[in-house]
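Novice: Okay, here's the prediction I keep looking at, along with the sequence it came from:
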Amino acid sequence: MLIAGCASPPDYSLMEPEPAFRHLQRQMERENYQAAVDGLQFFTLTYSGSSLVDSAQFLLGEAHYGLKEFILAGDSFAEVYRRYPRSPLAPEAMFREGECYYRLSPRFDLDQEMTGRAMEALQSFIDYYPDRRDLVRQAQEMIDACRIKLAQKEHMAGIGYLKTRDYVAAALYFRGVVERYYDTDWAAESAFRLGEALVADGKSDDGAEAYRQFIVKYPDHQMVAKAREALARIKDSER
């Protein structure tokens, strides 16, 4: 007789796949995640031909997630759709993989590798399973949050270069925000700062064009008056 939560785990090698899986499900329900990880790793390796192996692999991802081992959780979820692409759990596994990397996405001023991995996985989920509207909405919200973070990172890099008078680099970063993250709140100020960087770099014509485009795109922005003043100064300097 199995007693869930006992000190010694059962000998899974002596159990049939279905009772072993049910026992591991109970471990998850009781949040005994480490015991579940140990058992599920054995299960997925030993019962690879079982009809429950895709569910066990998915549950392994959930167990790692419960332990906040998000890299391992993401890898486990990815194994579900890679090894069992026809599994009914494949769509949610792909979504959960992206969610794991999203949980690892750090604040904007740190390395954004995990942010990129989250966006890639979540976008793949949307592309493969557009009919899963409940999860698609959540995936898109996470992608949008990632884009805002990346836009802020590039915008602040541009500000940094502007302060050190590296106007070429500043313009490069501001243009990147304007072109790649045009739908974020950082795009407007980057569009204004692009004009500022170009003028400071001696490219008055390009700077004037950047200011004009900023005014057209963001006519209600608080920096529009400053953009008009900058355009007037450029015009005066040409006389």
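Specialist: That came through, no problem.

Novice: Does the helix or strand where Leu135 lies pack against any helices or strands, and if so which?
Specialist: Assigned by DSSP states H and E, Leu135 falls within helix 133-163. Under the contact definition 3 or more Cβ pairs under 8 Å, 6 or more residues apart in numbering; DSSP states H and E, helix 133-163 sits against helix 90-104, helix 113-128, helix 167-180, helix 186-200. Using the backbone N, CA and C atoms, a C-beta is placed for each residue, glycine as well.

Novice: buried sites along the third one?
Specialist: Which is helix 167-180. 167, 169-178 (16 or more other Cβ atoms under 10 Å).

Novice: same check, this time on the last one
Specialist: Residues 186-199 are the ones in helix 186-200 that count as buried (16+ other Cβ under 10 Å).

Novice: And for the first one?
Specialist: By neighbour count, with 16+ other Cβ under 10 Å as the criterion, the buried positions of helix 90-104 are 90-102, 104.

Novice: I'd like the residues you listed laid out as TSV, including distance to Arg82 and pLDDT.
Specialist: As requested, the buried residues of helix 90-104 are exported to TSV (distance: Cβ to Cβ, whole Å; pLDDT from 0 to 100):
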residue	distance to Arg82	pLDDT
Ala90	9	97
Pro91	13	97
Glu92	14	97
Ala93	9	98
Met94	10	97
Phe95	15	98
Arg96	13	98
Glu97	10	98
Gly98	14	98
Glu99	17	98
Cys100	15	98
Tyr101	16	98
Tyr102	20	98
Leu104	20	97
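
Novice: thinking again about what came up before, between the helices and strands packed on helix 133-163, which one is nearest to Ala208?
Specialist: Nearest to Ala208, of all these, is helix 186-200, at 7.3 Å by Cβ to Cβ.
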